[in-house]
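Student: Okay, structure incoming, though there's no sequence with it:
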């Protein structure tokens, strides 16, 4: 159980970090993640960037877990 989790979390973090890094290095707006909040006397506003790197990380995590369980099912 623990190795499956480690494979999944490593794939998620690696894929997410790589896509955000590519987004910032090559100035690709939909791969950049940013968060900002502004407080004024009328209230506050929050702005968040693209969630596509997180979605790519989730897909990579799912694929890595499936690959890992399929590979270990033959043992």
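Tutor: Yep, it's here. Keep in mind the model is a prediction, meaning the values are calculated, not measured. Numbers count the residues shown, from 1 in each chain.
Student: alpha carbons only for contacts and neighbour counts from here, please
Tutor: Will do.
Student: surely residue 34 meets residue 49?
Tutor: Yes: judged on C-alpha atoms under 8 Å, residue 34 makes contact with residue 49 at a distance of 4.7 Å.
Student: helices or strands up against the biggest helix by length in the chain?
Tutor: Identified as the longest helix of the chain according to DSSP state H is helix 2-25. Under the contact criterion of 3 or more C-alpha pairs under 8 Å, 6 or more residues apart in numbering; DSSP states H and E, helix 2-25 touches helix 52-72.
Student: So what angle separates the directions of the helix it packs on and helix 2-25?
Tutor: For helix 52-72 against helix 2-25, the angle by axes from the mean of the first three to the mean of the last three C-alpha atoms, to 10 degrees is 150 degrees.
Student: in helix 52-72, what's buried?
Tutor: 52-54, 56-62, 64-65 (16 or more other C-alpha atoms under 10 Å).
Student: The residues you listed into CSV, with extra columns for pLDDT and distance to residue 45?
Tutor: Shown next, in CSV, are the buried residues of helix 52-72 (pLDDT from 0 to 100; distance: C-alpha to C-alpha, whole Å):
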residue, pLDDT, distance to residue 45
52, 93, 22
53, 93, 23
54, 93, 22
56, 96, 27
57, 96, 27
58, 96, 28
59, 97, 30
60, 96, 32
61, 96, 32
62, 95, 34
64, 94, 37
65, 92, 38
